[in-house]
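Enquirer: Model the structure of this input:
(chains A and B)
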Amino acid sequence: MSCDFIRQLLLDFGWDAEARQRASQVLAHLETCSTCRQASEDFDRLRRTLDDSADDSEPHGGWESFENRLSTAVNRSQPARLRWLAVAAAVVLASGAFELGRRLEKPNVAPIALTRSAPQSAPNSHFEPHEISQAVSAFDQVSKVFDGRASWMLVSHESSDVGVVTQPVDSSRKVLLLRLTVTHGGQLASDADLLVIPGQTANLTVPMQGGQSLKYRIGTSADEPTRLTVWLEVSTPHGGEALGALSTNLDMDPGQKVTAGQLATTAGEYELKIAFARAALPEGKP
Amino acid sequence: MVFERGDEPSFEQLLAGQIRQNARLFFRLALGILHDPSAAEDICQQAVLKACERQSELRDAAALKSWLSRVVVNESLQLLRRRKIESRVLAGTGAVSANTLAPSAAGFELREAVLAAMVDLPESERVVVMLRIMDGQSGREVGKLLRCSDSEISRRLHRGMEKLRQVLADWQPV
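Expert: Alright, predicted model coming up:
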């Protein structure tokens, strides 16, 4: 090392006398203490391991597009989001199958409640033809609101949501319907209907009574529209720790209902059943 | 951003400011864990949406930046864990060949093991390790972000790294 370089380092680090003395002590200690030397090597290795993960990739579409995406998310979550959901809700209302939650009257209230009537009894274990027709019609209408960019729609009596992607979805005029029924200790804990375009992934959260929530990640395939990957996590109130999770792959036939899995948690056992249907979207531009 | 004297910025203005100033930080944190730009973008968006849901608790810029950083790290690690389990399930069903799941190098395996161990760290230590080691921020910067003293940041980094060292002791390349 040249003197110039050493002086540059001294200035860069701004070491005062105390810091220099401490550094000398550390180096002297490392000379004699094999335990700390090993720790130092381990720390270096961990640093390299984690630093190797440095990735210079940029967001698709660049930084400006990414920042716009985040800003749009803010706008969507605020009253503007209520407005588009209100539009969607009005459309859904027209189908006669749903009712608008009271929360839509209040701005800045989350989560958005575009709700389905609470069932008086356990839901049907499969989709009736008229339910498919109503749900598909509602999805088609909601998709039109988003210029064909709706990738999935969740409707439950706890809360509902719509997945919107940046580009119009190539639906090939088909949509998958999943009835997600979760029981806890034999009692109905949650039921939700998900409509998803094959090839899309739905990440959604369904709140349950007592503040717990179910987080789903449901992947579908455009090439094999009967194949599903299902991840379900039961979380403690306020989005805290996961009590447990299950993950499975399914290959389902339309009209079929399966038990996707059981989930043993400290709060008891949960069971997920999935009924499956597939339907064509109405003709015309989505 | 210009505010009238005495005006408190709205939550939306605070959040918009954070996005302008720190979108790259949030993205880098998620990318460092996930190595997947699309997923990193999704995680950042989720964090922003979560912030909107918790806006009553996040009323100043420093708290918001700290909170968003923590959520991005935690959500990224959770997604990584989910993906690993899904991969195992897919491998078990034969839907994905074992070759596509096999780590390509010992370094990759070790990195995965270290990241898995980070999930088990207390959040206060996990975030400090992420920001100091993976994002390369100074102790002072991290202290400012998390509103802790330099010495507290050093303590957390030390505790976290000591726990991660155990991974090196236990880890055997396949």
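Enquirer: what stretches of the chain score poorly on pLDDT?
Expert: I'll assume chain A. A:11-14, A:52-55, A:75-125, A:157-159, A:171, A:173, A:237-241, A:283-286 (pLDDT under 70).
Enquirer: Let me rephrase: I mean chain B.
Expert: For chain B (pLDDT under 70), the answer is B:1-7, B:85-107, B:172-174.
Enquirer: burial measure for the residue in it that chain A sits nearest to, as a count.
Expert: Closest approach between chain B and chain A, counting by C-beta to the nearest C-beta: B:Cys52, at 3.8 Å. Any C-beta I mention is one placed from the backbone N, CA and C, and that applies to glycine too. For B:Cys52, the neighbour count with other C-beta atoms under 10 Å in any protein chain shown is 21.
Enquirer: so it touches A:Val74, yeah?
Expert: Yes - if you go by C-beta atoms under 8 Å, B:Cys52 and A:Val74 touch, sitting 6.4 Å apart.
Enquirer: any shared contact partners between these two?
Expert: Shared contacts of B:Cys52 and A:Val74 (C-beta atoms under 8 Å, 6 or more residues apart in numbering or on different chains): B:Leu15.
Enquirer: all helices of the chain, in order?
Expert: In the absence of a named chain, chain A is used. Counting by DSSP state H, chain A has helices at residues A:3-13, A:17-32, A:34-51, A:62-77, A:79-94, A:129-145.
Enquirer: that's the other chain; I wanted chain B
Expert: Going by DSSP H, chain B shows helices at B:11-34, B:37-53, B:61-93, B:98-101, B:106-120, B:123-129, B:139-146, B:150-170.
Enquirer: Mind putting those into TSV with distance to A:Gln21?
Expert: Formatted as TSV, the helices of chain B follow (distance: least, C-beta to C-beta, whole Å):
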stretch	distance to A:Gln21
helix B:11-34	34
helix B:37-53	43
helix B:61-93	34
helix B:98-101	51
helix B:106-120	33
helix B:123-129	26
helix B:139-146	19
helix B:150-170	18
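Enquirer: out of those helices, nearest to A:Ala138?
Expert: Nearest of the helices of chain B to A:Ala138, taken as C-beta to C-beta: helix B:37-53 at 23.3 Å.
Enquirer: Would you map out the domains in chain B?
Expert: When chain B is parsed with automatic domain parsing, its domains come out as B:9-94, B:103-174.
Enquirer: Same check on chain A?
Expert: Split by automatic domain parsing, chain A gives A:3-51, A:62-280.
Enquirer: Is it possible to get CSV of the helices of chain A that adds distance to A:Leu228?
Expert: Formatted as CSV, the helices of chain A follow (distance: least, C-beta to C-beta, whole Å):
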stretch, distance to A:Leu228
helix A:3-13, 55
helix A:17-32, 55
helix A:34-51, 35
helix A:62-77, 27
helix A:79-94, 24
helix A:129-145, 17
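Enquirer: Would you mind measuring from A:Phe167 to A:Gly61?
Expert: Actually, residue A:167 is Gln. It isn't Phe. Noted for A:Gln167: a distance of 11 Å to A:Gly61, by C-beta to C-beta, to the nearest Å.
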